[in-house]
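Student: sequence unknown, structure follows:
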């Protein structure tokens with residue numbers, strides 16, 4: 001651990017002395033972050049300066065490896081801070097986030113344009129054939145070299161300075177975008193108190209709404225909030241069309257309500273700056289810049305896949321809409337199908353068609369049991385088990401801590417699960433890490449680090465003494481995020497930059513989406529889908545109906561997603577636009593977006609794309625990975641055993657453990673023997689002809 005000069009730094013931020021090397025979350029205060037960042041940034045800058053000015057000729061060890069382990073203190077402070085900013089924020093943290101995001105961008109821009117440091121990296125890259133590097137070392141060197149080039153290392157000084165200013169501004173805009181969405185989500189609630197307002201609402205949802213109202217100081221009332229764990233089941237269950245419309249319009253208006261939290265000007269400026277950045281770096285547009293190091297490689301390849309799927313999805317959605325319109329007419333109502341009708345009537349049709357409802361299924365999907373199912377699948381496939389550690393302080397009282405151990409009882413990772421929605425947490429679900437796996441010697445004498453991984457979800461918290469019950473989509477989300485967690489926890493590489501999820505954006509969703517398949521393996525559902533009151537396993541008849549209904553509403557689901565991905569690609573291939581909302585409307589008109597469906601993420605709250613640039617020109621990657629995951633699970637199905645030991649060993653060796661140390665095409669072919677076509681994905685969605 002590098003020594004930092006400031007005496008004002010709380011050691012708990014950088015010296016993690018908690019259980020098995022966890023941070024001491026309870027010893028960190030919000031006020032500790034600002035001085036710690038200042039000291040850590042200065043310390044990292046000094047380390048970088050020492051590497052750049054090393055008088056010895058550049059070697060992989062004294063340049064690349066040195067860069068890999070530099071900035072450990074900054075990494076630890078950042079991990080703690082960004083975790084809190086996303087999962088348990090407050091006004092102090094949000095104010096600091098707006099300050100830190102551009103400061104960090106400025107810091108890394110300075111590193112990326114350090115001429116002496118790039119000269120060392122460039123010399124190694126040019127002479128790489130004679131260095132005797134392993135495949136992983138070559139990948140790590142390539143990652144650093146490309147990173148410097150994309151940071152502007154080859155640009156003239158004035159253009160480097162402009163690029164740095166752009167990156168700094170983009171970081172600030174991304175932080176503000178996310179905070180605005182959270183503010184809109186927190187500030188809106190539809191409070192209900194009359195029984196007539198609750199028509200159709202099942203008990204589990206009433207409990208969640210009562211809890212949400214209680215959090216807002218409205219004891220005895222029921223709150224519809226904009227958390228997916230409440231808004232979606234409300235839109236599905238409520239018989240009150242007027243209330244569904246009111247709630248739906250508030251949900252889709254996040255980030256576009258006018259005033260201080262309106263994101264539309266942020267979007268316009270973000271797109272203009274991204275387009276300028278791409279041109280500075282020699283790319284035709286920002287999409288080409290982002291796709292340069294992905295499996296898809298070009299915007300045309302992405303759009304070809306999206307448009308091919310769109311045609312099938314839109315046709316299926318048309319059939320689904322006609323069914324809904326028929327049911328509306330059958331009920332004697334005289335209105336067209338609108339977006340606040342779809343979930344409600346689709347659920348009625350599913351109940352009729354497959355003779356079961358979400359309300360009937362939900363008592364069998366207890367959060368505790370689905371967590372146990374996640375762990376059991378990991379044990380059957382990869383030989384690991386989770387041991388919960390009670391009473392260990394985490395960053396919020398709801399967060400649970402698990403040791404992940406292998407068959408020999410060796411500790412391989414720490415896992416934290418944060419499952420319930422709260423006002424201090426941004427919406428959605430994600431995986432991240434406090435610490436990534438690697439095997440390098442550290443400056444404190446240790447060799448390597450265990451991964452410390454966490455999952456964040458937003459399930460509705462149950463009333464005291466009652467179990468948390470999930471929808472099938474909730475259960476899939478839990479499996480999805482744990483698949484990401486396994487990608488981090490099973491990592492077995494030497495260098496941190498290619499550890500775990502350090503892979504191309506359109507490969508990173510493969511381990512998570514693939515893991516979802518095991519949720520609906522009959523052996524898993526039979527064991528873990530048990531009634532929360534009686535303990536009885538899910539009846540075979542209900543299980544058969546659930547499995548038969550897996551592709552129900554596939555047109556709607558795929559239209560929601562694909563429209564968002566097409567708009568994302570349009571924004572980032574067109575460049576600067578004066579009115580992003582007009583572009584969104586134009587793209588949706590061109591593809592024939594049904595009036596009855598909206599984008600899964602409308603532009604003003606499209607956090608994947610505008611809260612930072614993680615999925616900008618990259619939202620398509622969920623579908624790209626879906627092509628891979630459908631084909632990958634077929635490898636197990638072809639053996640007749642969802643837990644085939646040989647396939648599981650190949651899966652672990654070639655997908656879950658290698659991180660970015662091997663080209664994704666090569667590692668996928670090592671697992672499957674070939675690259676897939678979209679056919680298996682279309683069959684999985686029920687969209688194949």
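Tutor: Structure's in. What do you need? Given the structure is predicted, the values throughout are model-derived calculations rather than measurements.

Student: Ramachandran coordinates for the residue nearest the centre of the chain?
Tutor: Note on the chain: the residue nearest the mean C-alpha position is residue 430, at 4.1 Å, using CA atoms, centre = their mean. Phi and psi for residue 430, reported as degrees, to the nearest 10, are phi -160, psi 160.

Student: which residues touch it?
Tutor: Contact analysis of residue 430 by CB atoms under 8 Å, 6 or more residues apart in numbering lists 86, 455, 456, 481, 484. Quick note: C-beta positions are derived from backbone N, CA and C, even for glycine.

Student: where do the strands sit along this structure?
Tutor: Along the chain, counting by DSSP state E, strands occupy 190-192, 222-224, 385-388, 400-405, 411-420, 430-435, 438-441, 447-449, 452-459.

Student: on that earlier part again, for the residue nearest to the centre of the chain, give its distance to residue 608.
Tutor: According to CB to CB, to the nearest Å, residue 430 and residue 608 sit 10 Å apart.

Student: and if you look at residue 36?
Tutor: From residue 36 across to residue 608, the span is 29 Å (CB to CB).

Student: More neighbours: the two, which one.
Tutor: Between residue 36 and residue 608, residue 36 has the larger neighbour count (other CB atoms under 10 Å), namely 27 against 20.

Student: wait, doesn't the more buried one sit right on residue 12?
Tutor: No - contact criterion CB atoms under 8 Å: residue 36 and residue 12 do not qualify, at 9.8 Å.

Student: Can you pull out the low-pLDDT segments for the stretch 401-550 of the chain?
Tutor: For the stretch 401-550 of the chain, no stretch has pLDDT under 70.

Student: Do you have the helices of it handy? List them.
Tutor: Assigned helices in the stretch 401-550 of the chain, in chain order: 472-489, 510-516, 522-528, 540-548 (criterion: DSSP state H, counting those that start in this stretch).

Student: any chance of the ones you listed in JSON lines, plus distance to residue 98?
Tutor: Output for those, formatted as JSON lines (distance: least, CB to CB, whole Å):
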{"stretch": "helix 472-489", "distance to residue 98": "27"}
{"stretch": "helix 510-516", "distance to residue 98": "30"}
{"stretch": "helix 522-528", "distance to residue 98": "43"}
{"stretch": "helix 540-548", "distance to residue 98": "45"}
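
Student: mind showing which ranges of the stretch 1-150 of the chain have poor pLDDT?
Tutor: Residues of the stretch 1-150 of the chain meeting the criterion pLDDT under 70: 1-7.

Student: Mind jotting down where the helices sit in it?
Tutor: In the stretch 1-150 of the chain, the helices defined using DSSP H, counting those that start in this stretch lie at 33-52, 66-69, 72-87, 91-112, 115-126, 135-150.

Student: Out of those helices, which one sits most buried?
Tutor: For the helices of the stretch 1-150 of the chain, the largest average neighbour count (mean count of other CB atoms under 10 Å) is found in helix 72-87, namely a mean of 21.

Student: Counting by contacts, list what that helix packs against.
Tutor: Where contact means 3 or more CB pairs under 8 Å, 6 or more residues apart in numbering; DSSP states H and E, helix 72-87 is packed against helix 33-52, helix 91-112, strand 430-435, strand 452-459.

Student: tilt between the first one and helix 72-87?
Tutor: Counting by axes from the mean of the first three to the mean of the last three CA atoms, to 10 degrees, helix 33-52 lies at 140 degrees to helix 72-87.
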